[in-house]
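Enquirer: turn this into a structure:
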Amino acid sequence: MESKILDSFSDWLDGYLNLETSREKASKDVFWLDTMEFLCNKFNHPEIFAPCIHVAGSKGKGSVCAFISSILDADKNSVGLYTSPHIVDFTERVANAHGFFPQNVYETAANELREKIESISPNDFPGGRGLTWFELVTMFAFLTFRRAKVNWSVFEVGLGGRLDATNVVTPKVSVITPLELEHTEFLGDTIEKIAAEKGGIIKKNVPVVSAVQCEEAKNVPRQIAKEKNAPIYFVDECIDVKKIKHKYENSFMSISFGGQSFSQKIKSKIRLLGKLQAENAALAALAVKIALPKISNKTIEVGLSAASARRLFWTVRTR
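Expert: Next up, the predicted model:
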């Protein structure tokens, strides 16, 4: 996206520690939430502007977020979608179900963020710590979505969950995709420790929807949910995952699945191929159904199919 304002803003962002590209400078002690809470207060809490769905996990997050945003869009909502990483332009991370917001929305949000941050004394930040690139981009997403006046947003967790910059949101539904050992230097060296970090997005009284998990990964979020009085729904307890069907048709894949959460089978066509993507689609459908119980099967089907022609083109990456 060509813009002198955004080019300057991108250069400004690059002056801050980016843990995605400078892992050698990182340690377990560089993750916290008090800085994001401080920023949210300074910007009059843009993170609560619209209801949201929050997605953590080890794999499939990008695809699940894309499916969710497209279903919400099919239900005639204006949807903000925050994902990572980006390929060419950092605004890929801060978009909508169709692609990008108008350029002036990004520019206004960028100016708002930069002006406010530069007006704050470095000593005023919690612990006197410097900001990170990801914290600033996350705040940029909050401000962009508020400027765009979205009425739903979908946030993909960057790393872990418990101390991720996105974890200042209070979603309508929390989603946990399949868990596996990853980033063990930050998140722990057992699947239980990984699950505890990912399960850190679970909020009091907020429903949780989880993908199929191994028993070690399943028990941890179940216990966290119990402690926080959060209803938890595992996809294999709500959908007969063994009967999820997928059939290749040229560049598309026909899928179908059903279960107690749906009045009849969901049938759709998606562009991402493979059994895992069929399961991602089912997880996304279940999450939206929990958030919006009155949403129709037809809307879910249209949303899953529409995602094939919209956001999924850049979520293929490594998902």
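
Enquirer: going forward, measure contacts and count neighbours with C-alpha atoms only.
Expert: Fine.

Enquirer: let me see the ranges of the helices in this structure.
Expert: 4-13, 34-42, 61-74, 103-119, 133-148, 184-187, 191-198, 215-227, 235-238, 275-291, 297-307 (DSSP state H).

Enquirer: out of those, which one sits most buried?
Expert: helix 61-74 (a mean of 29; mean count of other C-alpha atoms under 10 Å).

Enquirer: just to revisit the earlier point, between the helices of the chain, which gets nearest to Tyr248?
Expert: Tyr248 lies closest, by C-alpha to C-alpha, to one member of the helices of the chain: helix 275-291, at 10.6 Å.

Enquirer: dump the C-alpha coordinates for the closest one into CSV.
Expert: The C-alpha coordinates for helix 275-291 follow below in CSV (Å, rounded to 0.1, in the frame of the first residue of the first chain):
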residue,chain,number,x,y,z
LYS,A,275,-8.4,-32.6,6.2
LEU,A,276,-6.9,-30.1,8.6
GLN,A,277,-8.5,-27.2,6.7
ALA,A,278,-11.9,-29.0,6.9
GLU,A,279,-11.4,-29.2,10.7
ASN,A,280,-10.4,-25.6,10.8
ALA,A,281,-13.6,-24.6,9.0
ALA,A,282,-15.6,-26.7,11.5
LEU,A,283,-13.9,-25.1,14.4
ALA,A,284,-14.5,-21.6,13.0
ALA,A,285,-18.2,-22.4,12.4
LEU,A,286,-18.7,-23.7,15.9
ALA,A,287,-17.0,-20.6,17.4
VAL,A,288,-19.3,-18.2,15.5
LYS,A,289,-22.3,-20.4,16.4
ILE,A,290,-21.5,-20.0,20.1
ALA,A,291,-21.0,-16.3,19.7
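
Enquirer: show me what it is packed up against.
Expert: If you count contacts as 3 or more C-alpha pairs under 8 Å, 6 or more residues apart in numbering; DSSP states H and E, helix 275-291 packs onto helix 61-74, strand 173-176, strand 208-210, helix 235-238, strand 245-249.

Enquirer: now tabulate these in CSV and tack on distance to Ile290.
Expert: Supplementary listing: the helices and strands packed on helix 275-291 in CSV, determined by distance: least, C-alpha to C-alpha, whole Å:
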stretch, distance to Ile290
helix 61-74, 12
strand 173-176, 7
strand 208-210, 8
helix 235-238, 11
strand 245-249, 22
